[in-house]
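Asks: Sequence and predicted structure, then a few things I'm wondering about:
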Amino acid sequence: MIVIAASVYGMNRGKRGEVGVTTQVEVSTEPETELVKEVMVDGITITGMSREEAKQEILKKYTWKMTARYQDDVYEVSNLMAEKLDSLLEEIYRGEPKENYTLDTSGLEEAVQAQVANMKERWNKAAKNGAISSYDAASDSFVFEGEATGIAIDEEKLARDIQAALTSKKFDAVISVDASVVQPEVPIATAKEKYKTIGTYTTNTTSNSKRNTNIRLASEALNGTIVQPGQEMSFNEVVGQRTAAKGYQGAAAYSGGEVVEEIGGGVCQVSTTLYNAVVRAGLKVSVRRSHTFAPSYVTPGMDATVSWGGPEFKFVNTSNTAIGIRAAYSNQTVTVSIYGIPVLEEGVTYSLESKKIADIDLPAPTYEEDQTIPPGQEVVVNKGSQGSRWETRLIIKKNGETISNEVDHTVTYKGHTPVIKRNSSDVMLDENGQVVVPTEATDPAATQTAAESSAPESPTAPSQPLGPGMNPTQGGPGSQPDSIGPMSPSQPALADPKPEG
């Protein structure tokens, strides 16, 4: 009966397990808590001790308190022997122990170097080269400052000293850190000799006084800017928002293909001039976008549009010292220069070269209804212009000889839409909106000839190609402002929130 009862009990437990009742059984993998065999570690007897008791006994002799000291600053070196001790006890308590063991301190070179690296980051101080540090508007000159010595700890000696303490098992050693003074590579006196204009560019403006006011204000805001090594400079951040409160005026700019009055119109010419100066200085352009329509003040493809809250122009100072920016407007010209220690090798020059590679078909005309025109007649208001595609190359020369002319970017500019007025109705109105009674003078057949003889050239006829810098609607350089445009082909196009070209 006892046997039967036990069997039934076991079956019931099995059935309960089948419906999700599980029983967890913890199996201890710990070895015997005490060593029976006579075992010694570096002369320390751990016979009869548990693993934790043995560890504490060994640590009484080998307590980790190693530190490194530089002047009054103390760095606590991480316990490099913790894993070594745990590994040794694992060997002793998991296997068949030997009678004698020694704590191994080898193979810790990488761990030692990691500690040295931490101390290097903590105590090393780079020397500062003499460089421009500020701009004095009164004297229109940059001020040189910043020369300072640095500190470099003796990394090799520090690593040797830590390793020696480990080898001798002096885990409470205090390591004295040696350091040397590092002199700047470019003292102020040397910096003053090496600084020069490393890139400059000039563009011509129009006679539009409002536009020139905006260009002057933007140039003044840009002038004296200092960009530190590795720093990215943003045109919009430096120049700031163009507002009427700052004196910026409404000037012609393109918006959606139309010429409109916008506060700050013309500022794009300053960013474009800066762009070309930066390229010539050999610095890295990080953000640049072209306009929607070909500019008139620079060869298409060599422009850089900006807008507050929209397109940006940015570059990075890739030199080892600070650079300064000079910008000035005078007599319908704007000049931007980069002042610094040369980045390019002596005799090497950078420049841009643009070439038109295709014409784009004339856009379809826009028709405007005008009942003051005889019925069935059309009058061309604006002939429009073709668009164009340009290829811009970075020309690198050494001692006057071209050594590279790789394509930097390509850009497509829109054409201007022809505008034609017409009267599609059967009624002609005078300037007062009154219906004009047809006469011989207003007879369509009679006025057709007159309209053809006096109307501008048909918008469907292709316009004559214009040279670089020629305005597509006026046919002359500088007669219309530039506009905000899409990014270069490698970047997605943006909307034009506030055109300032």
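Replies: That came through, no problem. All of these numbers come straight from a predicted model, not from anything done at the bench.
Asks: backbone phi and psi for Ala221, please?
Replies: phi -70, psi -30 (degrees, to the nearest 10).
Asks: Quick check, it in contact with Asn236.
Replies: No: at 10.7 Å, Ala221 and Asn236 do not qualify as touching, with contact defined as CB atoms under 8 Å. (C-beta placed from N, C-alpha, C; glycine too.)
Asks: what about Ser354, how many neighbours?
Replies: 20 (other CB atoms under 10 Å).
Asks: With the one 10 residues further on instead?
Replies: The number of residues packed near Ala364 is 11, by other CB under 10 Å.
Asks: Quick check: closest non-adjacent residue to it.
Replies: Spatial nearest neighbour of Ala364, chain neighbours left out: Thr417 (7.3 Å); criterion: CB to CB, 6 or more residues apart in numbering.
Asks: so the one you found touches Tyr367, yeah?
Replies: No: using CB under 8 Å, Thr417 is not in contact with Tyr367; the gap is 10.6 Å.
Asks: Who has more neighbours out of the two?
Replies: A side-by-side neighbour count of Thr417 and Tyr367, using other CB under 10 Å, places Thr417 first with 17 against 13.
Asks: Assumed that one was part of a strand.
Replies: No: with DSSP: H, G, I helix; E, B strand; the rest coil as the criterion, Thr417 is coil rather than part of a strand.
Asks: That one: what's it in contact with?
Replies: 257, 363-366, 382, 384 (CB atoms under 8 Å, 6 or more residues apart in numbering).
Asks: Put the buried members of these into a PyMOL selection.
Replies: Typed into PyMOL, the line below selects the buried ones among the contacts of Thr417, using 16 or more other CB atoms under 10 Å:
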select buried, resi 363+365+384
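Asks: From the contacts of Thr417, which land in strands?
Replies: Counted as lying in strands by DSSP state E, out of those, are 366, 382.
Asks: Same list, the contacts of Thr417, but as JSON lines with distance to Asn331 and pLDDT please.
Replies: Shown next, in JSON lines, are those (distance: CB to CB, whole Å; pLDDT from 0 to 100):
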{"residue": "Gly257", "distance to Asn331": "32", "pLDDT": "54"}
{"residue": "Pro363", "distance to Asn331": "37", "pLDDT": "93"}
{"residue": "Ala364", "distance to Asn331": "42", "pLDDT": "94"}
{"residue": "Pro365", "distance to Asn331": "40", "pLDDT": "95"}
{"residue": "Thr366", "distance to Asn331": "38", "pLDDT": "94"}
{"residue": "Asn382", "distance to Asn331": "32", "pLDDT": "93"}
{"residue": "Gly384", "distance to Asn331": "34", "pLDDT": "93"}
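Asks: Adding distance to Met428, write the contacts of Thr417 out as TSV.
Replies: Below are the contacts of Thr417 laid out as TSV (distance: CB to CB, whole Å):
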residue	distance to Met428
Gly257	30
Pro363	29
Ala364	26
Pro365	22
Thr366	22
Asn382	23
Gly384	26
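Asks: Among the contacts of Thr417, which one sits closest to Ser351?
Replies: Ranked by distance to Ser351 (CB to CB), the contacts of Thr417 are led by Gly257 at 31.6 Å.
Asks: low-scoring stretches of the protein, by residue?
Replies: 1-36, 254-259, 438-501 (pLDDT under 70).
Asks: residue nearest the centroid of it?
Replies: Ser286 (5.2 Å; CA atoms, centre = their mean).
Asks: Which of the three states applies to that one?
Replies: strand.
Asks: which residues touch it?
Replies: For Ser286, the contact set (CB under 8 Å, 6+ apart) comprises 232, 314-316.
Asks: Can you tell me how far Asn331 is from Lys128?
Replies: Distance from Asn331 to Lys128, counting by CB to CB, to the nearest Å: 40 Å.
Asks: my bad, Ser180
Replies: From Ser180 to Lys128 the distance is 16 Å (CB to CB).
Asks: higher neighbour count, the two?
Replies: Lys128 (16 against 10).
Asks: Give the other helices and strands that the helix or strand harbouring Glu156 contacts.
Replies: Assigned by DSSP states H and E, Glu156 belongs to helix 155-167. Using 3 or more CB pairs under 8 Å, 6 or more residues apart in numbering; DSSP states H and E as the contact test, the elements touching helix 155-167 are helix 109-123, strand 174-176.
Asks: what comes up buried for stretch 179-188?
Replies: By neighbour count on 16+ other CB under 10 Å, the buried set for stretch 179-188 is 179, 184, 186, 188.
Asks: An error on my part: the question was meant for stretch 388-407.
Replies: By neighbour count on 16+ other CB under 10 Å, the buried set for stretch 388-407 is 388-396.
Asks: Tell me how far the nearest residue to Leu166 once chain neighbours are set aside lies from Gln113.
Replies: Closest residue to Leu166 apart from its sequence neighbours, by CB to CB, 6+ apart: Thr105 at 4.5 Å. Between Thr105 and Gln113 the computed distance is 15 Å (CB to CB).
Asks: Is the closest residue to Phe171 other than its chain neighbours in a helix, a strand, or coil?
Replies: Spatial nearest neighbour of Phe171, excluding adjacent residues (CB to CB, 6+ apart): Trp64 at 4.8 Å. Following three-state DSSP, Trp64 is assigned to coil.
Asks: Could I get the contacting residues of Trp64?
Replies: Going by CB under 8 Å, 6+ apart, the list of residues near Trp64 reads 79-82, 171-172.
Asks: State the phi and psi torsions of Val77.
Replies: Note on Val77: its backbone torsions stand at phi -70, psi 130 [degrees, to the nearest 10].
Asks: The nearest residue to Tyr339 once chain neighbours are set aside: neighbour count?
Replies: In this structure, Tyr339 finds its nearest non-sequential neighbour in Gly324, 4.1 Å apart by CB to CB, 6+ apart. Here the number of neighbours of Gly324 (other CB under 10 Å) works out to 23.
Asks: Just confirm Gly324 is within a strand.
Replies: Yes: secondary structure of Gly324 (three-state DSSP): part of a strand.
Asks: and it, what are its bridge partners?
Replies: Gly324 has these beta-bridge partners by DSSP bridges: Ile226, Tyr339.
Asks: ok, now how distant is it from Ser388?
Replies: With CB to CB as the criterion, Gly324 and Ser388 are 36 Å apart.
Asks: Sounds good, over and out.
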